[in-house]
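Asker: whatever this is, show me its structure:
(chains A and B)
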Amino acid sequence: MATTLHPSSPILLLPTTQNAKNSSSHNHSLPNCKTLNELKQLHCNMMKKGLSHYPNNINKLIAACVQIGTHESFNYALNVFKEDEETMFCSLYTCNTLIRGFASSGLGQEAIFIYLHMIVVMGFLPDKFTFPFLLSACSKIMALSEGVQIHGVIFKMGLDKDLFVANSLIHFYAECGKVDLGRKVFDKMLERNVVSWTSLINGYSGVNMAKEAVSLFFEMVEAGVKPNPVTMVCAISACAKLKDLELGRKVYAFMNKLGVELNTLVVNALLDMYMKCGDMSAARGILDELGDKNLVMYNTIMSNCVQHGLAGEVLVTLDEMIRKGWRPDKVTMLSTIAACAQLGDLSVGKSSHAYVFRNGLESWDNISNAIIDMYMKCGKREAACKVFDNMSNKTVVTWNSLIAGLVRDGDMELALRIFGEMPESNLVSWNTMIGAMVQASMFEEAIDLFREMQNQGIKGDSVTMVGIASACGYLGAHDLAKWIYTYIEKNDILIDIQLGTALVDMFSRCGDPRNAMRVFGNMEKHDVSAWTAAIRVMAVEGNAKGAIDLFNEMLKQEVMPDDFVFVALLTACSHGGYVDQGRQIFWSMEKIHGVSPQIIHYGCMVDLLGRAGLLEEALDFMKSMPMEPNDVIWGSFIAACRKHKNVELARCADENITHLDPERVGVHVLLSNIYAAAGKWTDVARVRLQMKEKGFQKVAGSSSIEVHGLIHEFTSGDESHTENTQIGLMLQEINHRLSQVGYVPDTTNVLLDIDEKEKEHLLCRHSEKLAVAYGLINTVGK
DNA sequence: GTAGGGTTAG
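Answerer: I've put the predicted structure just below:
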């Protein structure tokens, strides 16, 4: 469970000591100079004594600065290099040392400056030691065009034959996301070592080609190159990305067979792989064997817990690591803040923010992005905006966090405006907006946005398609549904459980159970929501037996039922008239499956009994409920009364709902319809008056039809369509041809106190008929 | 002299 941080816990009282790694110098050439100040002093003395003219001294000074490894010491080294006239005394070796130093600190521009300076000003020719450092510096800042030019120089100098230089090129291209260029270098190499293979494996893994990465690993083993721990880390993390446990185990088995040593990095990669693949017992096994965990392992555990939605576990782990004396770093805080966002835990969220601020971690974009997300999810829009405004490096994730927050707040208008104006957007931005529109029932707008995406040449992924499929399902647009399915197949979009489930629902809502079940059958894995979607397909068809069979199959595959699956199952029984089975399932919910019935399940039972005409039993059942029946339940009871023409029980319901204050008007409309059907117009008048007093207004029902990919919506008696005249003519023809084959309109369902002729007129302008007429005009013979 | 673990938004 979630733990809150006690104010006296270490997280709030963090020491600000220097990192131990940085304060211990291994400088052998200048053993007395451990700090930059000492070096500066020495430099001063050197200049006073005129010793700075000796190239060796300057070279040593710069090397010592590089070794200290702080931002300040690098700058000092750079100044010595740039401003001193003695630059000419610097050797190629010193230039290489400087480039190495800047590369290791991620200061790519500075490294490139030294490189250019040494060529242009100093007239040095770079050597085979220069390029690995330089390329590593370019990798860190993703300086692709610079790297490509450097590659040109390397080629001209014939240094591409050097193993180290070539390996550095592979790594450079991989880091810039151009693994195919790295592959070209790899293929041309005359000799390769384990680093060449490992760099390429890692390159594939980094551009979402983890499958290729793992097969390259096996290729390497086949070629007789023995992997080392670095290779293993790359190969295992590729398996983690694929969430392929079997493959991960296989790779690990190879590692043992080949006798590769196991270090903490490999152990951590294994731990991460097991957790990402959901094998918690294997992960536990590693941890039990390990005893003590290091910081990165704590971070691995926490980030995986966040990914699995186990936010409470994150805070428990945080507590443990602090008790064991570890100082949370930026990655720890990222997971912690993400966990607070999930839990809506503002108090830990706030103290985390304070910790981040005190330790200067907020300059890291990701942390600030997570804080914005956290405040937004805790409902603190102002706090989030403050962080947002103070950020100097707003990335696309920053903007996305903001629009996602606005969308959750229900502020679609502002979200849309920002979406349109943000400086950079990506697939997640589009998916956020499409998802938001579906949530807000703006289905056509969602599909329009998807079309706009296509126009801009942006391909959707499986998250996009989940949104689009459900929008399409709600619209019931069958042609669009088929198009969506083809789009997914054509673009090789992975049908995961979520998308598969959405597609099953989509086809089901579009009246295409065959395709719905085909998608279901093709799915690799089924979770409880996937099974529920399939059971809903049966429910729509009234196929209660099919639903029960699916449910039993689900149990056989040891998928735990939840409350939603019982709603689908009971609905299927209700529509299929399986009264006894429905009663049995309702009973078994709690007794066998441990799922306690909610009001919605009681509602299903009332519906089941009512539809079967067991109105008395339904009423008794309602009285036995542990909670008050709501307007939905009364509504289905009243609908049953109407179906079975039982005015007396309807009147009983009427008396019971007067003290209810239902938000929906449906109950009252239904009641008035029942009275109308029985010709009890005074009751109709009374119910209508009540509705008027409560300020209800019936929302007009509508029908829609999809013609050539466009949705046309009609309400009853609608004359607003541009092709209204043609629709009228078509309706006349329909009526004419219907009466020719002996159709007599049944006006009993037109429950208004008007004469028969008027009823007939209303009936023929029913919204469904208008939609059908429009469809006939525009599809037949075309 | 080249390669390696944990990272936020939908």
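
Asker: low-scoring stretches of chain A, by residue?
Answerer: Where chain A drops to pLDDT under 70, the residues are A:1-34, A:53-55, A:83-89, A:658-666, A:696-701, A:709-710, A:716-717, A:745-765, A:780-782.

Asker: the strands in it, which residues?
Answerer: A:702-707, A:710-715 (DSSP state E).

Asker: can you put those in CSV and add distance to DNA strand B and mean neighbour count?
Answerer: Yep, even glycine has a C-beta here, placed from its N, CA and C like the rest. Formatted as CSV, the strands of chain A follow (distance: least, C-beta to the nearest atom of the strand, whole Å; neighbours: other C-beta atoms under 10 Å):
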stretch, distance to DNA strand B, mean neighbour count
strand A:702-707, 26, 18
strand A:710-715, 24, 16
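
Asker: contact partners for the closest residue to residue A:638 other than its chain neighbours?
Answerer: Leaving aside its chain neighbours, residue A:638 sits nearest to residue A:670 (4.6 Å; criterion: C-beta to C-beta, 6 or more residues apart in numbering). Applying C-beta atoms under 8 Å, 6 or more residues apart in numbering to residue A:670 gives the contacts A:635, A:638, A:639, A:642.

Asker: between those residues, which is nearest DNA strand B?
Answerer: residue A:635 (32.2 Å; C-beta to the nearest atom of the strand).

Asker: quick one, what contacts the residue nearest to that closest one when sequence neighbours are not counted?
Answerer: Counting by C-beta to C-beta, 6+ apart, residue A:667 is the residue found nearest to residue A:635 once chain neighbours are left out, at 4.6 Å. With contact set as C-beta under 8 Å, 6+ apart, residue A:667 has these partners: A:631, A:634, A:635, A:638, A:657, A:660.

Asker: farthest pair within these?
Answerer: Maximum pairwise distance in the contacts of residue A:667, criterion C-beta to C-beta, is 11.9 Å, between A:638 and A:660.

Asker: neighbour-wise, which of those two wins?
Answerer: Neighbour count, other C-beta atoms under 10 Å: between residue A:638 and residue A:660, residue A:638 has more, with 26 against 13.

Asker: residues contacting the more buried one?
Answerer: Counted by C-beta under 8 Å, 6+ apart, residue A:638 has contacts A:650, A:653, A:667, A:670, A:671, A:674.

Asker: now, which of those sits nearest DNA strand B?
Answerer: Looking across the contacts of residue A:638 and measuring by C-beta to the nearest atom of the strand, the closest to DNA strand B is residue A:667, at 34.3 Å.

Asker: what parts of the stretch 51-200 of chain A come near DNA strand B?
Answerer: Within reach of DNA strand B by C-beta under 7 Å from any atom of the strand, the stretch 51-200 of chain A has these residues: A:100, A:128-129, A:131-133, A:136, A:139, A:162-165, A:167-168, A:171, A:193-196, A:198-199.

Asker: on that earlier part again, distance check, the residue nearest to residue A:638 against residue A:292.
Answerer: Residue A:670 sits 67 Å away from residue A:292, going by C-beta to C-beta, to the nearest Å.

Asker: TSV for the strands of chain A, including distance to residue A:181?
Answerer: Supplementary listing: the strands of chain A in TSV, determined by distance: least, C-beta to C-beta, whole Å:
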stretch	distance to residue A:181
strand A:702-707	46
strand A:710-715	45
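
Asker: buried stuff in stretch A:590-600?
Answerer: The neighbour-count check on stretch A:590-600 (16 or more other C-beta atoms under 10 Å) flags A:593, A:595, A:597, A:600 as buried.

Asker: can you give the distance of it from its chain's centre?
Answerer: Relative to the chain's own centre, stretch A:590-600 is displaced by 31 Å; criterion: C-alpha atoms, centre = their mean, to the nearest Å.

Asker: between the two ends of it, how far is it?
Answerer: By C-alpha to C-alpha, to the nearest Å, the extent of stretch A:590-600 from end to end equals 14 Å.

Asker: middle-most residue in chain A, spatially?
Answerer: Nearest to the geometric centre of chain A sits residue A:463, at 7.0 Å (C-alpha atoms, centre = their mean).

Asker: what residue in the stretch 551-700 of chain A comes nearest to DNA strand B?
Answerer: The minimum distance from the stretch 551-700 of chain A to DNA strand B, using C-beta to the nearest atom of the strand, falls at residue A:564 (20.2 Å).

Asker: contact partners for the residue nearest to that residue when sequence neighbours are not counted?
Answerer: Leaving aside its chain neighbours, residue A:564 sits nearest to residue A:532 (5.1 Å; criterion: C-beta to C-beta, 6+ apart). Listed by C-beta under 8 Å, 6+ apart, the contact set of residue A:532 reads A:562, A:564, A:565, A:568.

Asker: count the neighbours of residue A:378 for me.
Answerer: Neighbour number of residue A:378 under other C-beta under 10 Å is 19.

Asker: which one is it nearest to, not counting chain neighbours?
Answerer: According to C-beta to C-beta, 6+ apart, the nearest residue to residue A:378 is residue A:346 (4.3 Å).

Asker: likewise residue A:625?
Answerer: residue A:602 is the one closest to residue A:625 (C-beta to C-beta, 6+ apart), at 5.0 Å.

Asker: burial of that neighbour, as a residue count?
Answerer: Counted with other C-beta under 10 Å, residue A:602 comes out at 21.

Asker: for it, what are its contacts?
Answerer: Contacts of residue A:602 by C-beta under 8 Å, 6+ apart are A:621, A:622, A:625, A:627, A:629, A:633.

Asker: next: residue A:208.
Answerer: residue A:241.

Asker: and residue A:577, by the same measure?
Answerer: A:542, A:544, A:611, A:612.

Asker: surely the third one touches residue A:642?
Answerer: No: in this structure, residue A:611 sits apart from residue A:642 without contact. The criterion is C-beta atoms under 8 Å, and the distance is 11.3 Å.

Asker: still on that earlier bit, and the contacts of residue A:577, which two are the farthest apart?
Answerer: Top of the distance list for the contacts of residue A:577 (C-beta to C-beta): A:542 and A:612, 12.8 Å.
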